[in-house]
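Asks: Got a sequence here, can you build the structure:
(chains A and B)
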Amino acid sequence: MKQKKRNEKGLAVAARRSRLVSELRSGIGGLGFWVNRLPVCGDFSLILICTGAGCRMVGYTDLPTKGGFDFGLCRRNQSLVEKGGLKIPGFLKTGTTIVGLVFKDGVVLGADTRATEGPIVADKNCEKIHFMAPNIYCCGAGTAADTEAVTDMVSSQLQLHRYATGRESRVVTALTLLKSHLFKYQGHVSAALVLGGVDCTGPHLHTVYPHGSTDTLPFATMGSGSLAAMSVFESKYKEGLTREEGIKLVAEAISGGIFNDLGSGSNVDVCVITKGKTEYLRNYLLPNPRTYVSSKGYSFTKGQTEILSTKITQLKPKVEVAEGGDAIAMEE
Amino acid sequence: RVSGIQHRQTASYPAHSVLFIFRILLLAGVNQPDSPSSPFPPSPPPPSQSSSPPAMSIFEYNGSAVVAMVGKNCFAIASDRRLGVQLQTVATDFQRVFKIHDKLYIGLSGLGTDAQTLYQRLVFRHKLYQLREERDMKPETFASLVSALLYEKRFGPYFCQPVIAGLRENNEPFICTMDCIGAKELAKDFVVSGTAAESLYGACESMYKPDMEPEELFETISQALRSSVDRDCLSGWGGYVLIVTPTEVRESVIKGRMD
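Replies: The predicted model follows:
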């Protein structure tokens, strides 16, 4: 009787722990026996073998963590700010103008290509139109790491879903995956997205806000240059545009953002998605070429720099030793 | 609902209570109504002392400058050598550029302790990769690894900005940089990071030429680094330049202003 009671309590405790673990990580649960890898600090994890009879601590091992965010450094960072009197840093943002519109046969997405770090332009030609599925693309504004990570994550989830179902991905699937992830993090994952694609139910265009709300629209703009781009759309958009008209309108809207918004700049990227065909026109327009190049350039004479010490290491070419005796050759 | 920590008959688990505390910290952070895009709760004003310097960014605590440039079938990566504690210099031979394998180097600017910890973690992951795959990691793969490691700590980041430089299989150079949460920026010409980044952008923009040979690349990157760190109080005290070609690696310590 006592053994049975211990079993039930062990299961209940283990079940609670697995719920907690799965909130922070995508945990595997539901079985009578599983291994819980709980984050303790950084790479180290506490290995717990949970069986029906209770949990036994196996020991600390240094394993690569699997999925989810790691909050191990939060306390240290907090104390650096409070006691050390240091300021929190800024992240790379994509100031951005991103737009999308639905035309007769599909969807056109557009984006500028400037990435900023505070007031400095960190990247003059970054890619803001991310691949989600062969028939779905997503433009991202906000914190650059968040947009890249969230679109990569949902893209992999969509690929797995395609393998499982054997069908082309639908835009609403991507939308639901994105919005539920962003809502879960309550806006702290700062990604504002314009998601567009064509699936078996037709062309779709959605916007996703950092807190997880979405809109379904015939034309949409996001980012710091959204007002400039929206003014172009509101005056010139009509239903049933042709492909050329759609691309021209998107390029005009992005150019409006590039020239009037300080957070957007450089070039125009366009992506046209129709049923069965996607065209990614990288650097469709280059309205800001670099014209201040000096033909002579700087030329430094050899030995101009004062060197204190030098060390030269010759790189040996790596030799592959094929194992003799086996008939089947192993490929690297 | 999160259950409290109950008395258990089996061994006690510190990890459970640690998880619980992290959840409380996260919830406390979430309830701030202003600036939801900031991962940190609004910081209280620093303690007022008569002789303390004004609040610095965490990146400016140690001071750093790292730059990488692309040449013809070669690349160069360079850093300054100062380690400071705010405005005081503590060391003049601090290593910021680390080797991952013969043709892949990473320069880590920002907080010195995070740079060293991150380097140790990366070397660990690369060694495991070498054991499993029986080859060295490609630069693009390594960049994705660093990005993932940094993004994992999205809400409590390492205060490091890495600069990754490597040679691909066909001896084509690859450079990229990231912000402290892993947003990759690939570039075809040069990448910079550190407290001297703004000056470095300007110097590299004007001094860079495409398809430079190793000797010319060495001169260019050294002059760009020296001129930029001379305009930055927190970095300098000499420079360390590394030129990697398919056949050799040349490490040089260059002389600079020691102020």
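Asks: what are the ranges of the helices in the stretch 151-259 of chain B?
Replies: Ranges of helices in the stretch 151-259 of chain B, per DSSP state H, counting those that start in this stretch, are B:197-207, B:214-229.
Asks: Turn those helices into TSV, including mean pLDDT.
Replies: Below are the helices of the stretch 151-259 of chain B laid out as TSV (pLDDT from 0 to 100):
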stretch	mean pLDDT
helix B:197-207	93
helix B:214-229	94
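Asks: which one of these lies closest to residue B:103?
Replies: helix B:214-229 (14.1 Å; Cβ to Cβ). For the C-beta atoms, the positions are set from N, CA and C on the backbone; glycine is no exception.
Asks: quick one, which of the helices of the stretch 151-259 of chain B is packed in tightest?
Replies: Burial of the helices of the stretch 151-259 of chain B is given as mean neighbour count (mean count of other Cβ atoms under 10 Å in any protein chain shown); helix B:214-229 ranks first at a mean of 23.
Asks: elements contacting the longest helix along chain B?
Replies: The longest helix of chain B (DSSP state H) is helix B:112-133. Applying 3 or more Cβ pairs under 8 Å, 6 or more residues apart in numbering or on different chains; DSSP states H and E, we find helix B:112-133 packed against strand B:97-101, strand B:104-110, helix B:139-152, strand B:160-167.
Asks: Okay, now stretch B:84-92: how far is its last residue from its first?
Replies: Counting by Cα to Cα, to the nearest Å, you get 9 Å between the two ends of stretch B:84-92.
Asks: For chain B, what's the nearest residue on the stretch 51-200 of chain A?
Replies: Residue of the stretch 51-200 of chain A nearest chain B, by Cβ to the nearest Cβ: residue A:85 (3.1 Å).
Asks: Quick one, grab the pLDDT at that residue.
Replies: With respect to pLDDT, residue A:85 scores 74.
Asks: tell me which element it is part of?
Replies: For residue A:85, there is no host helix or strand (DSSP states H and E).
Asks: picking up where we left off before, kindly reformat the helices of the stretch 151-259 of chain B as a markdown table containing distance to residue B:157.
Replies: A markdown table is the format used below for the helices of the stretch 151-259 of chain B (distance: least, Cβ to Cβ, whole Å):
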| stretch | distance to residue B:157 |
| --- | --- |
| helix B:197-207 | 17 |
| helix B:214-229 | 25 |
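Asks: hang on, isn't residue B:207 packed against residue B:217?
Replies: No: Residue B:207 is not in contact with residue B:217 according to Cβ atoms under 8 Å; the separation is 10.6 Å.
Asks: Residue A:106 contacts residue A:203, doesn't it?
Replies: Yes: between residue A:106 and residue A:203 a contact is recorded at 4.8 Å, counting by Cβ under 8 Å.
Asks: shared neighbours, these two?
Replies: Residues touching both residue A:106 and residue A:203 (Cβ atoms under 8 Å, 6 or more residues apart in numbering or on different chains) are residue A:273.
Asks: Chain B contacts on the stretch 151-300 of chain A?
Replies: A:186-190, A:210-211, A:294, A:297-300 (Cβ under 8 Å from any Cβ of the partner chain).
Asks: if you set the cut-off to 10 Å instead, what comes out?
Replies: Contacts of the stretch 151-300 of chain A with chain B, taken as Cβ under 10 Å from any Cβ of the partner chain, map to A:152-153, A:185-192, A:210-211, A:290, A:292-294, A:297-300.
Asks: Looking at the residues you listed, which are in strands?
Replies: Mapping those onto strands (DSSP state E) picks out A:191-192.
Asks: Narrow the residues of the stretch 151-300 of chain A next to chain B to those that are buried.
Replies: Buried subset of those (neighbour count, 16 or more other Cβ atoms under 10 Å in any protein chain shown): A:152, A:185-186, A:188-192, A:210-211, A:300.
Asks: Kindly present these as TSV, with separate columns for pLDDT and distance to residue A:253.
Replies: Below are these laid out as TSV (pLDDT from 0 to 100; distance: Cβ to Cβ, whole Å):
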residue	pLDDT	distance to residue A:253
A:152	95	26
A:185	94	30
A:186	95	31
A:188	93	30
A:189	93	26
A:190	93	23
A:191	94	21
A:192	95	16
A:210	95	22
A:211	95	25
A:300	85	45
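Asks: Closest to residue A:229 out of those residues?
Replies: Using Cβ to Cβ, residue A:192 comes nearest to residue A:229 of these, at 13.4 Å.
Asks: For residue A:309, grab the count of nearby residues.
Replies: 9 (other Cβ atoms under 10 Å in any protein chain shown).
Asks: ditto for residue A:217
Replies: Under the neighbour criterion other Cβ under 10 Å, residue A:217 is assigned a count of 16.
Asks: one step back: taking the residues of the stretch 151-300 of chain A next to chain B one by one, which sit in helices?
Replies: Per DSSP H, these map to helices at A:152-153.
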